[in-house]
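>>> with the input below, show me the fold.
(3 chains)
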Amino acid sequence: MLSRTADHLYWMGRYIERAETTARLLEVGARNALLPDVGGGFRNDWDAVLRALGVYDSFIDKFGEVVERNITTFLFFDADNPTSVLSCLSAARENARVVRTALTGHTWDAINSSFQELKDFQRTERSKLSLTDLAEWTLHTVSLIRGAIDGTQLRDDGYRFIGLGMAIERGDNTARLLDVKYYVLLPSLSYVGSALDQTQWTALLRSMSAYRAFKWAYRGDITATKIAHFVILNEEFPRSLLSCTRAINEHLDMLSRRYGRPSQAQGVARSMLAELAEARVGDIFDEGLHEFLTRYMRRNAEAAMIIQNTYLAGIPA
Amino acid sequence: MNTAAPNYFNEMLHGAEVRQAYQSLERWHRDMPDDLRSLKQSEAEALFRRVGITFAVYGEGGDPERLIPFDMFPRVFTAAEWRKLEKGIRQRAMALNAFIADVYDRGEIIRAGIIPEHLVTRNDAYEIAMVGIRPPRNVWSHIVGIDLVRTGPDQFYVLEDNCRTPSGVSYMLQNREIMMRMFPQLFHENRIAPVDGYADLLKKTLASVAPQKCSGDPTVVILTPGQFNSAYYEHSFLADLMGVELVEGQDLFVEGDFVWMRTTEGPRKVDVIYRRLDDAFIDPLCFRPDSMLGVPGLMNVYRSGGVSICSAPGAGVADDKAIYTYVPEMIRFYLGEAPILENVPTWQCAKKDDLKYVLENLGELVVKEVHGSGGYGMLVGPKSTKSQIEAFRSKIEEKPWNYIAQPTLALSSCPTFVDEGIAPRHVDLRPYCLVGEKVELVPGGLTRVALTEGSLVVNSSQGGGVKDTWVLAE
Amino acid sequence: MKLHIRHVTHYKFDTPVKRLIQSHRLTPADHEGQKVLEWSVSCEGAIRGSSFLSGAGDYTETVCVQGPAEDIEIIVEGTVETQDCAGVLRGHREKVLPSAYLRPTQQTQPDAAIRSLAETAVEGLDVSSGLDRAHALAAAVNDAIAYVSGETEPATTAAEALAGGKGVCQDHTHVLMSAARWVDMPARYVTGYLYSDANGQAHGESHAWAELYVDGLGWVGFDAANRCCPNDLYVRLGSGLDAQDAAPIRGLIEGQATEDLTAKVIVTDVAQQQ
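Have a look, this model is predicted:
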């Protein structure tokens, strides 16, 4: 397969996943804005959302103040914001368009119609669009695209590159969400265990559509330990770091089997998986959650870089 | 049914009779209810849209995803008609190749005084970089598109030759595909020679000109300027049918003696490049230094025998309208044969006497730019107003060498669906001749039709449409 | 004469480049005026290949460097035995028809001033006396443009150079070619090395001059900058339609880097060294 084709498929996967993350954060932010603040008035969780996406500074530069109306515009429609749903879905569609022959009709249709519908939203008066509806729509659309890919794409190398893009992006997003919650909102350990803490963690679970799943899997109170286990080490939860890393390994193994040669990326991915499979929550807290997550993101990025160099750039070895 | 002006040859009729070749089609259209016809027409359009076959009109802006109108009424050639055409096309394709090979070698035809030297060496398409190079099998133009018109039962004329990268073959293939799908019974009633072997033939042709340094199965690719090119659909369509990679310049790189393709399994050597990119853009180290579309160093690999480029850079020297006049001479000179297909008589405004004649008879002539294409920059005298003619006159006087003129031909017509049923519309034909180890062509070609009543301009960029072209088996 | 040449070109990049590719025409070909005794082109860390002799008689080679690379150095070194042939190029193996060198390029497009310089220079000289016309053109160009470095740059066109009245060998050559082509005399750009100029001044860089096609005589070199025809002080490398087309090194880098180029040419007379 041409490296450029693989590169487009890979980035298509990453952008689809990224659109979903933004939409989930929008949903959670909207919900939290309705909850009373411990200090009276309403809580404002938008700072955290913007920080989780790494666009806090550019938002402040553009709008100055965190107001919900601007948030919708910025996170959903703003073409200048690379993490907006519009930017992500346009980029996914652009990548897909170039490699249309590598996609099934269903996959292309799903991606292309999402883009067309998004265009319709753009023409609609803003006051008629609720934030929750937009977020819902995005999650629904991404599910359709994902379903088309899963249900119709051949399990060839192209499929693996889409999968790699999704798994790498998802692992990065999960780690980032967790890191923001812990690090930005709870700088002082004295907060841990307080009522505010509970709300924060609940929001985190909701942002991964995992609140109910968590409740089923871990009975009793929400504790930092249980959350960390669920989000990092639970092998049943599809957004956990362990699941993402496992997916990366699987795709890389299938690629190297297909191509009849191992890749350096496999080495990195395997050692990440080995560590996660063995790890216990206690070890993670001993290292420091932030330190652990930072290290995870760095290694995830390292794996991505090797994939880029090995498969997507086509640079002579 | 309307009848054509009597001086135009209607391909369906012989006098008042419907010719044998068209009889089943005549019945077919007569028996087709109006509502079925419009249903089929929109079905055809939907099919074209679904496969994504669109045409961006050069220089006109507008909707880049516009469809070329497809007319369902096929154009038919009998086996005997085609036999003659086929022979003539092969002959011409071989002579053109011999000419290109000659002018980059010893230039015998110039030495013999048959073609003036300046027409060759001062031609923009002539590449000094290609002098002394001998491509594999000495083939320079691998896909020769020869535009033909008909003026009578046995009169065919060559309108122009296309030696670089003639486009449109995807329409030829899709037109047939769609007709077979929509009207299978027509293909039971008539024995129609198939065209779907084209992609295989093209691939064989390209593989047959792999460089000597290539051992084993050659890797063939199509090089496209990218998705914004108006013919991108055709590039991806052909790549798909041939089962070869469609690459852009950035997908290839030069190292050592070869050209390599960047793949997920590492660099892979490329042996044959069917490029759909003009000479000027293929290598910034040899031609335009600002080209981002090409492959730096490609020409050095090519000239040292590490890769084949189809068509060869510089092949365009044979297809400009000034050289066109000499093709019959080429056929005699290189092949020692009499030309089977005739040229349209042509006046070259660069010649004093010709210029005088042209300026005196502008109202009856078709005047074209020497390097023009796509039906732009031309004057159709009988269809133009006085002021248009006068405006063109001053253009010719300013740069006479830039123009040639031809008589207005009475182009044949073929029945075409119009709102009121069918009516004769003027047509031309572009067959695609493949030159490699063998000289091959599939029966037929692309028929273009001027959809406007009375119009002689068939270019898709100016409101022309396309038709399926049948060659009846014996 | 026996000339020894050492030509070092050094490229330094402010950020490492991913890849570099160059087409080299750095090897002289034999003809009556020059015989190559030994010659080498080296470029450390480079992959070389795709070499051939072009129709114009120039040895061409392709060089690529797989990055990241911060700099590269091309060292050309060799010895050539030269003869004074009064500028006439004889015995050079080539196949291009001279008339192919009549076409103007963007850099050599004649403007009114060049056309008038050309027409004035050949006034009264019969078309059959091609050599006289060529000399007259070269002299006119030498009169019109003073040799001053730093006033023009590689992208300067012939018309701009003539208008400015100052320039270096590239500018003299472009104006002469443009003028010659205007009066239907094929002309081409030639690159090479010069031992010393007419005043005996050593030349520390590559040189360029024009070749004009004179019926009956063939290609004749004219160094309008030095108001002479190339003799045994000159070594000829290659030719083209203008400076860019004839450039001994044409290259491209992958990556966003700015390059700093230094080139040094040392031509020595082997007899004096011994």
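
>>> phi, psi of C:I249?
phi -130, psi 120 (degrees, to the nearest 10).

>>> let me know how buried it is, in neighbour terms.
For C:I249, the count of nearby residues is 19 (other Cβ atoms under 10 Å in any protein chain shown). Heads up, the C-betas are built off the backbone N, CA and C, glycines and all.

>>> what of B:C163?
A count of nearby residues for B:C163, using other Cβ under 10 Å, gives 29.

>>> and it, how close does it get to chain A?
B:C163 sits 29 Å away from chain A, going by Cβ to the nearest Cβ, to the nearest Å.

>>> wait, that residue touches B:V144, no?
Yes - using Cβ atoms under 8 Å, B:C163 makes contact with B:V144 at a distance of 5.9 Å.

>>> list the residues that contact both of the two?
The contact sets of B:C163 and B:V144 overlap at B:L96 (Cβ atoms under 8 Å, 6 or more residues apart in numbering or on different chains).

>>> low-scoring stretches of the stretch 51-200 of chain C, by residue?
For the stretch 51-200 of chain C, the stretches flagged by pLDDT under 70 are C:197-200.

>>> which residues in it form helices?
Under the criterion DSSP state H, counting those that start in this stretch, the stretch 51-200 of chain C contains helices at C:112-122, C:130-144, C:158-164, C:169-182.

>>> where do the strands of the stretch 1-150 of chain B begin and end?
In the stretch 1-150 of chain B, the strands defined using DSSP state E, counting those that start in this stretch lie at B:13-14, B:17-18, B:70-77, B:143-152.

>>> may I have the strands that pair with the second one, each with its orientation?
As defined by DSSP bridges, the strand partners of strand B:17-18 come to strand B:13-14 (antiparallel).

>>> hang on, the earlier thing: among the helices of the stretch 51-200 of chain C, which is the most enclosed?
Burial of the helices of the stretch 51-200 of chain C is given as mean neighbour count (mean count of other Cβ atoms under 10 Å in any protein chain shown); helix C:169-182 ranks first at a mean of 29.

>>> please identify the buried residues of stretch B:317-333?
Of the residues in stretch B:317-333, B:317-331, B:333 count as buried by neighbour count, 16 or more other Cβ atoms under 10 Å in any protein chain shown.

>>> those in helices, which ones?
Judged by DSSP state H, the buried residues of stretch B:317-333 include B:K321, B:A322, B:I323, B:Y324, B:V327, B:P328, B:E329, B:M330 as members of helices.

>>> surely the fourth one and B:E160 touch.
Spelled out, it's B:Y324. Yes - using Cβ under 8 Å, B:Y324 is in contact with B:E160, at 6.2 Å.

>>> what's the closest non-adjacent residue to the most centrally placed residue in chain B?
In chain B, the C-alpha nearest the mean C-alpha coordinate belongs to B:G145, at 3.6 Å (Cα atoms, centre = their mean). Nearest residue to B:G145 in three dimensions, chain neighbours excluded: B:P166, at 2.7 Å (Cβ to Cβ, 6 or more residues apart in numbering or on different chains).

>>> same check, this time on A:T174
For A:T174, ignoring the flanking residues on the chain, the nearest one in space by Cβ to Cβ, 6+ apart is A:R239 at 5.1 Å.

>>> for my notes, confirm that neighbour occurs in a strand.
No - assignment of A:R239 by DSSP: H, G, I helix; E, B strand; the rest coil gives coil, placing it outside any strand.
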